[in-house]
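Undergrad: I'd like to go over a predicted model; first the sequence, then the structure.
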Amino acid sequence: MKQFDRFRPYIESASRIVFDSIKLRGLTYNTLNYLYRYFLTQLPPFTEEEFHCAPGCGYCCHLRVSVSVAEALIILDYLREHDQRHQYEERVNTLRESLAQRAVSANSWWLENSVPCLFLEQKTALCTIYEVRPFTCRAYHSLNRQRCETGFFDRAETAIPCYPDFKRSRELYSVAFELALAELGLQSAQFELSSTIGLFLQTPDLVHHWAQGERVLPSILSDSGPA
Ligand code: SF4
């Protein structure tokens, strides 16, 4: 995670907050939601006049998204709260093979196959979990929408102009969750979003086993940092 070197003090501070809160309040959905909401108040603002990102665009929702387990659990809780679990269980079942592929594939596979995120509403190109989307999604931005379109339609890696430090300053909260969970002795890494949620939906007991410190997520799912 060399790209995060200059953010190390911020990551350590946020990670300490996660670790202490879980020790004090317990590893519960409430604790994780509380931390997520708190970190949202710490994010540097999105400069809408300068960024070319807009609702219904959705090109970047066809790229690989990395999450900490904490963020995945916050999304699961959101689906339960909004009575959407069943809907996504069905969607996951129709994607069974593609889910396994998503877990192990690099960004190039997503681009070549134009694979949408599990949570992208196809008709509107809107995110269905917008309130609780991962920090990776909250960090991604473009200074040139045309480049996003070109990469999407050409199905090829395209350099998207952005502010790398701005991106890292938002992604770092995912890394903070990742490090704190590891310090608590839990299996922790940056996992691919759709396949991780898919696994948890298909096997609800997995969350309980993970919270007991078991290594329930295949290590092939992990990578070394947010995509
Ligand atoms: S979680 Fe939402 S914002 Fe993030 S890639 Fe999926 S649809 Fe897009």
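TA: Everything's here; your move. Numbering: from 1, shown residues only.
Undergrad: only C-alpha atoms for contact and neighbour calcs from this point on.
TA: Fine.
Undergrad: which element follows the helix ranked longest in the chain toward the C-terminus?
TA: Residue-count comparison of every helix in the chain, with assignments taken from DSSP state H, identifies helix 164-183 as the longest. Helices and strands here follow DSSP states H and E; after helix 164-183, the next one along the chain is strand 190-192.
Undergrad: What pairs with that following strand, parallel or antiparallel?
TA: Looking at strand 190-192 with DSSP bridges, its paired strands and their directions are strand 66-67 (antiparallel), strand 222-223 (antiparallel).
Undergrad: and the ones you listed, which one's lowest on average pLDDT?
TA: Looking over the strands paired with strand 190-192, mean pLDDT reaches its minimum on strand 222-223, with a mean of 48.
Undergrad: just for this structure, where's the confidence low?
TA: Per-residue confidence of the chain (counting by pLDDT under 70) places the weak regions at 1, 219-227.
Undergrad: for the ligand, what are the nearby residues on it?
TA: 61, 117, 119-120, 127, 129-130, 133, 137 (CA under 6 Å from any ligand atom).
Undergrad: cutoff 5 Å now
TA: Remark: the part of the chain in contact with the ligand comprises 61, 117, 119-120, 127, 133, 137, using CA under 5 Å from any ligand atom.
Undergrad: Now for the closest residue to residue 12 other than its chain neighbours, how many residues are close by?
TA: Leaving aside its sequence neighbours, residue 12 sits nearest to residue 176 (CA to CA, 6 or more residues apart in numbering; 6.8 Å). Burial measure for residue 176: 23 neighbouring residues, criterion other CA atoms under 10 Å.
Undergrad: circling back to that earlier point, let's see which of the residues of the chain next to the ligand end up in helices.
TA: Helix and strand membership here follows DSSP H; of these, those in helices are residue 137.
Undergrad: hmm, back to that, same for the longest helix of the chain, what does it pack against?
TA: Of the remaining helices and strands, those touching helix 164-183 by 3 or more CA pairs under 8 Å, 6 or more residues apart in numbering; DSSP states H and E are helix 8-25, helix 69-81, helix 135-139.
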